[in-house]
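>>> Need a 3D model of the following:
(2 chains)
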There are 2 protein chains.
Amino acid sequence: MARTDPDISPAPPATERGRRTRRKLLDAATIEFGERGFHEASIASITRRAGVALGSFYTYFGSKEAIFRDLVRDLSEGVRQAAAQSLAERELDALETERAALAAFLAFAREHKEIYRIIDESEFVDPESYRLHYEKTAERILGRLRAGAAAGQLRGDLDEAHAWAIMGMNVFLGLRYAVWSKGEEDRPEHAAQAAATILSEGIGPSDA
Amino acid sequence: MARTDPDISPAPPATERGRRTRRKLLDAATIEFGERGFHEASIASITRRAGVALGSFYTYFGSKEAIFRDLVRDLSEGVRQAAAQSLAERELDALETERAALAAFLAFAREHKEIYRIIDESEFVDPESYRLHYEKTAERILGRLRAGAAAGQLRGDLDEAHAWAIMGMNVFLGLRYAVWSKGEEDRPEHAAQAAATILSEGIGPSDA
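Numbering: from 1, shown residues only, chains lettered A, B, ... in the order given. Here you go, the predicted structure:
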């Protein structure tokens, strides 16, 4: 066996300076993969964008595949943190929590429009990361639904299927209102409001 | 200008036999692109799978890109027809209609698991078809929501955002319960039921 596996990145840097360089490379990779796609992207272009010497790349990542995989997990973690931070800011009931989580995701997607292209491309470049991203996201939503049910704020029969349904709503509202937004009239708040009313009352007639 | 553009397929065949051969090539392309992805797929392998002479391919399609694009539109039309047929079978109210449309989509996705990979890959190979697929699907859902609202069976304020939210639910329930189904316990009927209760009453406590 070779000592290094190009598919596995070296251990994370131990110094603050090393962490900053690794972060710069991940940010440059976000733009490179987002703009050019995996196949057209190159390590040379990533290091150039990051202002880092080409040789230093391999201190942090084993290969183009390895940085792509680490980036998908980094973006997935970014999605998680964006919601977590927003939810930690105040005390919310379960329905308000879902609305705040979606609003945080829409804001994150507006700031990081590349995220869709990169996560979508991982289905082909790194299927395991693709699957992990959605499985973990659905698990987090299910955890929130169960907490809400335990608090008597949500129905008691919510399960994995409800979590996947909510995740799908959020992903497609993000695609339409953050990535494909057609301008000012496509306000993300409107999308968040639509999803919130579906979750609070469904789409049946209001006097039902 | 050249007489033929390889990105544009020739006019559809006028004879029944021609239509059957074109259909065979599209079905073979579904398997080829679904199993190998666009880049690895080859015209030679598509014609071999279809049992059609290599040279005949160009009677029906201008290039690998052209058959891929025609296939995405063909699958998109298949999704539309699956729902339309199911809805034409009986008289349903608006909420039952959404449930039946999702059930028909889940059944179609189970029978054509390649559809996810092919439509997802069109984001990279043929972005216009990708976008068209979702825009048209959302438009159809919005048409149903408006008809339901006009009949007093749905809320009057439903709009494009609600249609995209419902489409997202359906796409992700299909991914989880048709494509990534883990076995017998992952019944598509359960996913359809979860979506139906979200649309009929939301996820709040049942005695709210």
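
>>> what about A:P10, how many residues close to it?
A:P10 has 13 neighbours, counted by other CB atoms under 10 Å in any protein chain shown. To be clear about C-beta, it is placed using only N, CA and C from the backbone, and glycine gets the same treatment.

>>> do the same with A:I67
Neighbour count for A:I67, taken as other CB under 10 Å: 25.

>>> ok, now A:L132?
A:L132 has 15 nearby residues by other CB under 10 Å.

>>> Just list the residues touching it, thanks.
Residues near A:L132 by CB atoms under 8 Å, 6 or more residues apart in numbering or on different chains: A:R73, A:S76.

>>> do you know how far it is from A:D126?
As judged by CB to CB, to the nearest Å, A:L132 and A:D126 stand 9 Å apart.

>>> try A:R99
Counting by CB to CB, the gap from A:R99 to A:D126 is 32 Å.

>>> and these two? which has more neighbours close in?
A:D126 (21 against 17).

>>> looking at it, that one is touching A:F68, isn't it?
Yes - assessed by CB atoms under 8 Å, A:D126 is found in contact with A:F68 at 6.3 Å.

>>> low pLDDT regions in chain A?
Within chain A, the set of residues satisfying pLDDT under 70 comprises A:1-5, A:207-208.

>>> now the helices for it?
Under the criterion DSSP state H, chain A contains helices at A:16-40, A:43-50, A:57-60, A:64-88, A:94-111, A:114-125, A:127-150, A:160-174, A:188-201.

>>> Show me what the second one is in contact with.
Looking back up the chat, that one is helix A:43-50. Here helix A:43-50 makes contact (CB under 8 Å, 6+ apart) with A:21, A:24-25, A:27-29, A:31-32, A:36, A:53-54, A:56-57, A:64, A:67.

>>> now do 6 Å
If you take CB atoms under 6 Å, 6 or more residues apart in numbering or on different chains as the criterion, helix A:43-50 is touched by A:K24, A:L25, A:A28, A:A29, A:E32, A:L54, A:F57, A:K64.

>>> do the last one as well
Surrounding helix A:188-201, the residues in contact under the criterion CB under 6 Å, 6+ apart are A:95, A:98-99, A:102-103, A:106, A:169, A:173, A:177, B:161-162, B:165, B:202-204.

>>> Within range of chain B, give me the residues from chain A.
Residues of chain A lying close to chain B (CB under 6 Å from any CB of the partner chain) are A:120, A:123, A:154-155, A:161-162, A:164-165, A:167-169, A:171-173, A:176, A:190-191, A:194-195, A:198-204, A:206.

>>> residues touching A:S129, list them.
Counting by CB under 6 Å, 6+ apart, A:S129 touches A:R69, A:V72, A:S122.

>>> Run a quick neighbour tally on the residue nearest to A:W180 when sequence neighbours are not counted.
Residue nearest to A:W180 in three dimensions, not counting chain neighbours: B:R131, with 7.4 Å by CB to CB, 6 or more residues apart in numbering or on different chains. Using other CB under 10 Å, the number of residues around B:R131 comes to 14.

>>> Same check on A:I43?
Using other CB under 10 Å, A:I43 has 17 neighbouring residues.

>>> measure it to A:Y60 for me?
To A:Y60, A:I43 is 11 Å away according to CB to CB.

>>> now swap in A:R187 and tell me
Per CB to CB, A:R187 is found 39 Å from A:Y60.

>>> ok, A:L54 - contacts?
Going by CB under 6 Å, 6+ apart, A:L54 touches A:A44, A:T47.

>>> Ok, the one 10 residues further on next?
Contacts here follow CB under 6 Å, 6+ apart; on that basis A:K64 touches A:I43.

>>> can you tell me how far it sits from A:H112?
Taking CB to CB as the measure, A:K64 falls 20 Å from A:H112.

>>> sorry, back to before: and the two most separated of the contacts of helix A:43-50?
A:K24 and A:K64 (16.7 Å; CB to CB).

>>> picking up where we left off before, the contacts of helix A:43-50 into a markdown table, with extra columns for distance to A:Q81?
A markdown table is the format used below for the contacts of helix A:43-50 (distance: CB to CB, whole Å):
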| residue | distance to A:Q81 |
| --- | --- |
| A:K24 | 19 |
| A:L25 | 19 |
| A:A28 | 20 |
| A:A29 | 18 |
| A:E32 | 22 |
| A:L54 | 30 |
| A:F57 | 25 |
| A:K64 | 25 |
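
>>> Can you select the buried ones from these in PyMOL?
Per 16 or more other CB atoms under 10 Å in any protein chain shown, the buried members of the contacts of helix A:43-50 correspond to this PyMOL selection:
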select buried, chain A and resi 24+25+28+29+32+57+64
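
>>> for the contacts of helix A:43-50, which one is nearest A:I141?
Using CB to CB, those come closest to A:I141 at A:A29, 27.6 Å.

>>> Isn't that closest one up against A:F68?
No - contact criterion CB atoms under 6 Å: A:A29 and A:F68 do not qualify, at 7.3 Å.
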